[in-house]
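A.B. asks: missing the sequence, but the structure's below:
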Ligand code: ADP
């Protein structure tokens, strides 16, 4: 609430208003008693008129009436014949009646006059109050605007001459208010902008559209430049242009930071690209190395395998039991070595193969895999349930067969000794993808190993034979087909391996 409150006139309390009426009548009575001897004509109401006027003026209508009635009674009693008694003469009564009528009119008029005067005073005071409030609010707003440090806020007249200048403007542009107020705002623009008549164009634009916003270079008092974000608003009063407000913010640093962030991002992306290229080059070299080594190891291993076979067949009789046992072990080791080399070769070949992806019917893939695994299936008496028909995917047949064979081999292998493997193969549509499931009821996998087992040489249980490359081949193969692979499993609950590929339409 404003501190500068206007004081409204207060009407006197009732008792005072009536007291004034009674007192004024009393005084009139005294005064009249004093003057009567000097007045020649009989005029009973003389002086009493003034009491009616005073009472009505001061107290309003009712005290005016009271003064009229009292005056009439007193005038009748003291100053009309017969004196000191109430008259019954119709002429005198008519005079009294006339006086009372006049009193009524005076009271009414003076009351109305008083009311209009009071209303006028009140209206004036109200206006004054509004003016004070407006001035205060303007002052508050001015102080607020002047104190804003981050924004240059200033006003222009219709021709573009600066009319006000806040603290933020002084901070941003370097001019003090007394130096710049009254100058044209084009002073703040670059020379090129001024030559191109930009300041004027901007004002025209703001006038036309109400608001004009832009980002551009502006000049400080010391000649240095900054990138400004500017909002110019046309100020209109009753539809007529009366000036412009201009709010400017320095965005040089923001834009610089944004540019720096963009540069760093681009640099980072470039580095990631380079690093990825380096990594894939190293990977390729490693795979080539694996391939060569595996390939070259094959011949000596085969030689060892062949020679130990010959030894077994042709020199068995000349070896004692211990010698035969050693020879057996050499055979086993070389067979394992051969398997390992074969797996490594498959793995590295996967990386090099140039693939043409096409629609592959998974029914055919599974059938072919089952044919290739027939011996093992029979040996283990595995029960394999294929939920036909299987769906068709985008893929590469040899890789898909390899994947299914590896998953099936594991599903048959990782069961509690003595138990029959039970396997289900099925497909499932997941929006645009097809998921092929190979589910077993075997020993299961603890959750913490679900990702690790897809890496080369990661094995969980050495009681089961294997090279630790089978799932790495699955993972690499599915990666080459742009698909996904995963497993759901709990120890003792069986495993549900899946691969996902785009559905072929
Ligand atoms: P390998 O079977 O030659 O050891 P894999 O890469 O095929 O190598 O599998 C890695 C490991 O994942 C296995 O050693 C085994 O511990 C675990 N594993 C794979 N498939 C299954 C499965 N169906 N059930 C339980 N464990 C499995």
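C.D. replies: Great, that's in hand. Predicted model only: the values in this text are computed from it and were never measured.
A.B. asks: does residue 330 really touch residue 308, like I thought?
C.D. replies: Yes - assessed by C-beta atoms under 8 Å, residue 330 is found in contact with residue 308 at 4.8 Å. In short, each C-beta sits where N, CA and C put it, glycine included.
A.B. asks: these two: who's more crowded?
C.D. replies: Higher neighbour count among residue 330 and residue 308: residue 308, with 20 against 17, using other C-beta atoms under 10 Å.
A.B. asks: now the more buried one: how far from the ligand?
C.D. replies: According to C-beta to the nearest ligand atom, to the nearest Å, residue 308 and the ligand sit 23 Å apart.
A.B. asks: okay, and the residue nearest to residue 455 when sequence neighbours are not counted sits in which element?
C.D. replies: Distance criterion C-beta to C-beta, 6 or more residues apart in numbering; nearest residue to residue 455, sequence neighbours excluded, is residue 472 at 6.1 Å. Element membership of residue 472, judged by DSSP states H and E, is helix 470-480.
A.B. asks: show the pLDDT at the spatially closest residue to residue 349 that is not a sequence neighbour.
C.D. replies: Distances taken as C-beta to C-beta, 6+ apart place residue 291 nearest to residue 349, at 7.1 Å, with adjacent residues excluded. Per-residue confidence (pLDDT) for residue 291: 79.
A.B. asks: helices or strands next to the helix or strand hosting residue 291 in the packing?
C.D. replies: Secondary structure from DSSP H and E places residue 291 in helix 252-314. Helix 252-314 is packed against strand 225-237, helix 321-352, with contacts defined by 3 or more C-beta pairs under 8 Å, 6 or more residues apart in numbering; DSSP states H and E.
A.B. asks: and the ligand, which of the ones you listed is closest to it?
C.D. replies: Of all the helices and strands packed on helix 252-314, helix 321-352 sits nearest to the ligand, with 7.6 Å by C-beta to the nearest ligand atom.
A.B. asks: when you scan the closest one, is anything in it near the ligand?
C.D. replies: No - judged by C-beta under 6 Å from any ligand atom, helix 321-352 stays clear of the ligand, getting no closer than 7.6 Å.
A.B. asks: so which helix or strand of this structure has the lowest pLDDT on average?
C.D. replies: Lowest on mean pLDDT, DSSP states H and E among the helices and strands of the chain sits helix 321-352, with a mean of 84.
A.B. asks: show me what that helix is packed up against.
C.D. replies: If contacts are counted by 3+ C-beta pairs under 8 Å, 6+ apart, helix 321-352 sits against helix 252-314, helix 397-413, helix 470-480.
A.B. asks: what's near enough to touch the residue located most distally from the centre of the chain?
C.D. replies: What lies farthest from the middle of the chain is residue 82; by C-alpha atoms, centre = their mean that is 99.1 Å. Under the criterion of C-beta atoms under 8 Å, 6 or more residues apart in numbering, residue 82 has no contact partners.
A.B. asks: quick check: which element contains it?
C.D. replies: Using DSSP H and E, no helix or strand contains residue 82.
A.B. asks: look up phi and psi at it.
C.D. replies: With angles defined as degrees, to the nearest 10, residue 82 sits at phi -70, psi 130.
A.B. asks: any figure for the gap between it and the ligand?
C.D. replies: Separation of residue 82 from the ligand (C-beta to the nearest ligand atom): 142 Å.
A.B. asks: next one: residue 157
C.D. replies: Using C-beta to the nearest ligand atom, we find residue 157 at a distance of 83 Å from the ligand.
A.B. asks: that residue against residue 241, yeah?
C.D. replies: No - if you go by C-beta under 8 Å, residue 157 and residue 241 don't touch, sitting 9.8 Å apart.
A.B. asks: leaving out the residues flanking it, which one is nearest to residue 415?
C.D. replies: Nearest one to residue 415, counting by C-beta to C-beta, 6+ apart, is residue 442 at 4.2 Å.
A.B. asks: low pLDDT regions in this protein?
C.D. replies: 1-10, 40-41, 352-353 (pLDDT under 70).
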